[in-house]
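K.L.:
for reference, the sequence and a predicted model appear below.
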Amino acid sequence: MNIQQIETFLDQVLAGDRILYNVDFVELKSRLNSLLEKAHDAAQAEYLKVIHTPGHERSAELQDQYYGTIYPHTLAGWTKKLPKTASPAFLNALGAFWDVSVQFTPACEKFLKAKLLVVKTRKPSERPRTTPERTLDNTGACACCSQNVKLDRGLIVAHGYTIRWGFQSGSCFGVGYLPIEVSDEGLRGALQAYERQLATARLALEYSPCTRRERADLEGRISGSKSAIAHYAAAIKVWALKALPSERKI
Ligand SMILES: [Zn+2]
């Protein structure tokens, strides 16, 4: 983006014709800073052309303009300090510094105004979707993890693991069951599975020699299984038939 393109962009933002997302603002700020720095560098080069001779030492004039750093918010202050005239040896340098001000002042003023309009929400993607939008057709909630999942001949299809009860399970236990809207069999299946897991872990803890780490793992399983059992027992009690998402009227 060059300075004209930045100004056009900012004009559109200030006119309310386009939204200034934070991501664009950050990009714009960095671009504007880098253009300012480049222009200032070029003006500094002009200043360095002044040859040291008695009568017009290079350090005599325009030092503040040479050393000062310019950002959008400091350009106005920097410009205020620019002298209107200079001795003949410094005229070119002064002209170069004024050029920076004239070229960048409008964009920097617009930039500072636009800063107040930055929208913090995430910018929507500009790339079109390559996958079809996911719909709720033929879906139901998994009894085990409560996720909305596709159905295959009415049953929950394979879906990712859960660490809900403190340990990882490769594939969700609810796979292959009817969705929870239709039946509580998934809840009952999960309850039985966790009861079995609790019993197995208790036996292992009592009778198998195990390292401290294995012991901690078994204790984690026991406590996770207990929580899961309490959860599924309560869910079975209040279970009631519901409409599947595709059957619900909006
Ligand atoms: Zn699940």
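P.N.:
Right, received. Where do you want to start?
K.L.:
remind me what the helix or strand of the chain with the lowest mean pLDDT packs against, helices and strands.
P.N.:
Lowest by mean pLDDT, DSSP states H and E among the helices and strands of the chain is helix 63-67, with a mean of 83. Packing contacts for helix 63-67, counted by 3 or more C-beta pairs under 8 Å, 6 or more residues apart in numbering; DSSP states H and E, involve helix 22-48, helix 91-114. Placement of C-beta: from N, CA and C, glycine included.
K.L.:
would you map out the domains in the protein?
P.N.:
Residue ranges for the domains of the chain, per automatic domain parsing: 3-117, 139-245.
K.L.:
distance to Arg127 added to those domains, as CSV?
P.N.:
Output for these, formatted as CSV (distance: least, C-beta to C-beta, whole Å):
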stretch, distance to Arg127
domain 3-117, 14
domain 139-245, 25
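K.L.:
who touches the one residue sitting closest to the centre of the chain in this structure?
P.N.:
In the chain, the C-alpha nearest the mean C-alpha coordinate belongs to Arg122, at 7.0 Å (C-alpha atoms, centre = their mean). The contact partners of Arg122, by C-beta atoms under 8 Å, 6 or more residues apart in numbering, come to Tyr21.
K.L.:
ok so, going back, out of the helices and strands packed on helix 63-67, deepest packed?
P.N.:
Highest mean neighbour count of the helices and strands packed on helix 63-67: helix 91-114, a mean of 18 (counted as mean count of other C-beta atoms under 10 Å).
K.L.:
just checking, what packs against that helix?
P.N.:
The contact analysis (3+ C-beta pairs under 8 Å, 6+ apart) places helix 91-114 against helix 3-14, helix 22-48, helix 63-67, helix 75-80.
K.L.:
closest one to the ion among those?
P.N.:
Minimum separation from the ion across those (C-beta to the ion) falls at helix 22-48, 34.8 Å.
K.L.:
follow-up on the earlier one: in CSV, list the helices and strands packed on helix 91-114 along with distance to Asp184.
P.N.:
Shown next, in CSV, are the helices and strands packed on helix 91-114 (distance: least, C-beta to C-beta, whole Å):
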stretch, distance to Asp184
helix 3-14, 55
helix 22-48, 47
helix 63-67, 77
helix 75-80, 69
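K.L.:
for those helices, which has the smallest mean pLDDT value?
P.N.:
When these are ranked by mean pLDDT, helix 63-67 comes last with a mean of 83.
K.L.:
so which bits of that helix are buried?
P.N.:
65-66 (16 or more other C-beta atoms under 10 Å).
K.L.:
and it, how far out from the chain middle?
P.N.:
Offset of helix 63-67 from its chain centre (C-alpha atoms, centre = their mean, to the nearest Å): 40 Å.
K.L.:
what's the answer for stretch 112-127, then?
P.N.:
Centre-to-centre, stretch 112-127 and its host chain are 13 Å apart (C-alpha atoms, centre = their mean).
K.L.:
and that stretch, average pLDDT?
P.N.:
The average pLDDT within stretch 112-127 is 85.
K.L.:
output the helices and strands packed on helix 63-67 as a markdown table; include the columns distance to the ion.
P.N.:
Below are the helices and strands packed on helix 63-67 laid out as a markdown table (distance: least, C-beta to the ion, whole Å):
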| stretch | distance to the ion |
| --- | --- |
| helix 22-48 | 35 |
| helix 91-114 | 47 |
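K.L.:
which strand is the longest one in the protein?
P.N.:
Longest strand in the chain by number of residues (criterion: DSSP state E): strand 148-152.
K.L.:
any idea which helix or strand comes after that one?
P.N.:
strand 155-156 (DSSP states H and E).
K.L.:
what residues does whichever helix or strand comes after that following strand touch?
P.N.:
Going down the chain from strand 155-156, the next helix or strand is helix 185-207, by DSSP H and E. Contacts to helix 185-207, defined as C-beta under 8 Å, 6+ apart, come from residues 142-144, 156, 165, 173-174, 177-180, 210, 215, 218-219, 221-222, 225-226, 228-229, 232-233, 235-236, 239.
K.L.:
thank you, goodbye.
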